[in-house]
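Q: Next one to model:
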Amino acid sequence: MAAIYKTDLLIIGSGLAGMSAAVFAANRNIRAVVTGGAGGFEYSSGLMDLWGASLTKQYEITKKPWTMLEKLRDQDPDHPLVRIKKETIQQAFLEITTALKHQGLTYSGYEEKNTLVMTPFGTLRPTYRLPSAMRSNSEAVRKKEPCLILDFKGLREFSAVFVREMMKKNWKDLRAKTLEFPDTRLQKEMFTPFLARSLETGQVQDKFLTLIRSAVKDETWLGLPAILGIYSSEKILNLLEAQTGLKIFEIPTSPVSVPGIRLREALVKALENTSVTLLQNQRVTKIIPRPKGEFHCEAGSDINPVAIRADALLLATGRFLGGGLYADRKSIREPLLGLPVYQPENRNQWHSRNYFDPSGHAISRAGIQTDDLLRPVFPDKRPVFKTLFASGTILARQDWVRTRCGAGLSIATGFKAIESYLGLREQPVEI
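A: Predicted coordinates:
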């Protein structure tokens, strides 16, 4: 028999939009269930971008996210972030970073501007909030003092030499070196999650310290791929700095991303012993709206079926990769409820002829249109269902990759959706 859950709110999707919404729900003691897969965190840098693209200079980044959002109000008034007040976005970031800090994952940044972070491609990326293990990354880039960048034999996701070659024009005292990670002599290929888990043990930490001391010359800074543990990154960073006297920082790597895994683990931990139930690796496969406004949902598989009855739904299923949107040869559709999808009239208009078109591609702005409460709407602006909400990258009229606003979009709209749900729930019942 299927396991049966009865809940006030079902959050469909366990990426950053769904998990942050779950934290906001837990903070308000809302009885909720979260379903989904891995959530794509392994593809995430672990950084929290708000807005990183300049709206005044093509192909350039910006350090002024709030200024760009103000300009966006004139250029693209239907963008989801424009429809949320600055104070609400700030509150959402504060609330999610506070929850993460309680789980040992501290994020920091400036109130009004972005921080520029060194990437594995030797470029600089603007971000609004970054984890402690990357905090010194931007300071090292700014000061350009003697710095050693390390990588490890068999690790394909990161090349210290490549970073040095890309940055040496403006940073002369930058050196690169490849080492053999402790106890990996017989391994031909390694991945960052394996190295991170290894560094959780005291024995490997001691060997790693010896390795660092043998590699450093006169450098005061040490840059590493993001491998400083999964659950104890701040403790490991503090230990290494205290024992070596170096200022150490992580550089985000290509997937599989350790900072992304840390972020997910901290969010999962933040939901323990709260009003929110997390059904990990249980995807919703069917939704049946009922006459009285509630929803009957099916999740899981034939072997492990789950039935969920919810008074309200929050759709945070992402885009094509997450399964929130599906494209065939003719059109784009939303697969769970068949919701109206904002999209170009025909497939020929999906992509620009210029791949690097500064205005992006029309398909990137496809998605679900909503009212001011983040409820999906019909073309005539009527809500499809009174208690159906949507948040994150499934939303229409935004291009989060090009504009570098993915985390901000997910966090802010997740917060707004929970506030909207609460507002409707607290309305007096008509008799």
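Q: Checking residue 314 next. Helix, strand or coil?
A: Under the three-state scheme (DSSP: H, G, I helix; E, B strand; the rest coil), residue 314 adopts strand.
Q: Let me see the contact set for it.
A: 9-13, 18, 21, 389-391, 414, 417-418, 421 (CB atoms under 8 Å, 6 or more residues apart in numbering). Placement of C-beta: from N, CA and C, glycine included.
Q: Quick check: it vs residue 33, distance?
A: 10 Å (CB to CB, to the nearest Å).
Q: if I look at those two, which residues touch both of them?
A: By CB under 8 Å, 6+ apart, the residues touching both residue 314 and residue 33 are 9-11.
Q: Of the residues you listed, which is the most crowded?
A: Within these, residue 11 tops the neighbour count with 32 neighbours, counted by other CB atoms under 10 Å.
Q: List the contacts of that residue.
A: By CB under 8 Å, 6+ apart, the contact set of residue 11 is 18, 21-22, 25, 32-35, 314, 316.
Q: For residue 355, state which of the residues you listed is nearest.
A: Closest to residue 355 out of these is residue 316 (29.2 Å), distances taken as CB to CB.
Q: For the closest one, which residues are in contact?
A: Residue 316 makes contacts with 11-13, 15, 17-18, 21, 324, 390-392, 394, 410, 414, as judged by CB under 8 Å, 6+ apart.
Q: Over to residue 268?
A: Contacts for residue 268 (CB under 8 Å, 6+ apart) come out as 19, 278, 280.
Q: now residue 4
A: Residue 4 makes contacts with 306-309, as judged by CB under 8 Å, 6+ apart.
Q: Cross those residues against strands and list the overlap.
A: 306-309 (DSSP state E).
Q: Using the three-state scheme, assign residue 11.
A: Quick answer, by three-state DSSP: residue 11 is strand.
Q: low pLDDT regions in the stretch 201-350 of the chain?
A: Across the stretch 201-350 of the chain, nothing is flagged by pLDDT under 70.
Q: which stretches of it form strands?
A: With DSSP state E, counting those that start in this stretch, the ranges of strands along the stretch 201-350 of the chain come out as 221-225, 247-251, 276-280, 284-289, 295-300, 305-315, 326-327, 332-333.
Q: what separates the second one from the chain centre, distance-wise?
A: What it means is strand 247-251. 21 Å (CA atoms, centre = their mean, to the nearest Å).
Q: Which elements pack onto that strand?
A: Packing partners of strand 247-251 (3 or more CB pairs under 8 Å, 6 or more residues apart in numbering; DSSP states H and E): helix 135-143, strand 221-225, helix 233-244.
Q: Could you pull up the residues touching the nearest residue to residue 234 once chain neighbours are set aside?
A: Excluding its sequence neighbours, the residue lying closest to residue 234 (CB to CB, 6 or more residues apart in numbering) is residue 132, at 5.0 Å. Going by CB under 8 Å, 6+ apart, residue 132 touches 105-108, 233-234, 237.
Q: just residue 411 next, same as before
A: Residue 411 is in contact with 16-17, 20, 48, 89, 92-93, 96, counting by CB under 8 Å, 6+ apart.
Q: Now for these, which sits with the most neighbours around it?
A: residue 17 (33 neighbours).
Q: tell me which element it is part of?
A: helix 16-27 (DSSP states H and E).
Q: what comes up buried for the longest helix seen in the chain?
A: Taking DSSP state H as the criterion, the chain has its longest helix at helix 406-425. Neighbour counts over helix 406-425 (16 or more other CB atoms under 10 Å) mark 406-421 as buried.
Q: how much space between the closest residue to residue 230 other than its chain neighbours and residue 332?
A: Counting by CB to CB, 6+ apart, the nearest residue to residue 230 once its immediate chain neighbours are dropped is residue 196, at 5.1 Å. For residue 196, the distance to residue 332 equals 37 Å [CB to CB].
Q: more neighbours, these two?
A: Set residue 196 next to residue 332 and count neighbours by other CB under 10 Å: residue 196 wins out with 23 against 19.
Q: Tell me where the stretch 51-200 of the chain has helices.
A: 65-75, 86-102, 135-143, 160-167, 192-198 (DSSP state H, counting those that start in this stretch).
Q: Please name the residues that touch residue 350.
A: 344, 361-363.
Q: Kindly reformat those residues as TSV containing secondary structure and neighbour count.
A: Shown next, in TSV, are the contacts of residue 350 (DSSP: H, G, I helix; E, B strand; the rest coil; neighbours: other CB atoms under 10 Å):
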residue	secondary structure	neighbour count
344	coil	16
361	coil	17
362	helix	16
363	helix	20
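Q: Mind picking the two most distant members of the residues you listed?
A: Longest span within the contacts of residue 350, CB to CB: 344 and 361, 9.6 Å.
Q: Serialize the contacts of residue 316 to a markdown table and add fields for distance to residue 224.
A: Output for those, formatted as a markdown table (distance: CB to CB, whole Å):
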| residue | distance to residue 224 |
| --- | --- |
| 11 | 35 |
| 12 | 37 |
| 13 | 32 |
| 15 | 27 |
| 17 | 30 |
| 18 | 31 |
| 21 | 33 |
| 324 | 35 |
| 390 | 39 |
| 391 | 34 |
| 392 | 31 |
| 394 | 35 |
| 410 | 27 |
| 414 | 32 |
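Q: that older thread, ranking the contacts of residue 132 by neighbours, who comes first?
A: Neighbour-wise, the contacts of residue 132 (other CB under 10 Å) top out at residue 233, 27 neighbours.
Q: list the contacts for that residue?
A: Contacts for residue 233 (CB under 8 Å, 6+ apart) come out as 105, 131-133, 262.
Q: Those in strands, which ones?
A: Checked against DSSP E, the contacts of residue 233 include these in strands: residue 131.
Q: Could you single out the nearest of the contacts of residue 233 to residue 274?
A: Looking across the contacts of residue 233 and measuring by CB to CB, the closest to residue 274 is residue 105, at 17.1 Å.
Q: Pretty sure that closest one sits against residue 270.
A: No: if you go by CB atoms under 8 Å, residue 105 and residue 270 don't touch, sitting 9.3 Å apart.
Q: about what we covered before: and the helices and strands packed on strand 247-251, which is most packed in?
A: strand 221-225 (a mean of 24; mean count of other CB atoms under 10 Å).
Q: that older thread, can you tell me which of the contacts of residue 268 is nearest residue 58?
A: Within the contacts of residue 268, proximity to residue 58 (CB to CB) peaks at residue 19, which comes in at 34.0 Å.
Q: Residue 234 versus that closest one, what's the distance?
A: Applying CB to CB, the value for residue 19 to residue 234 is 20 Å.
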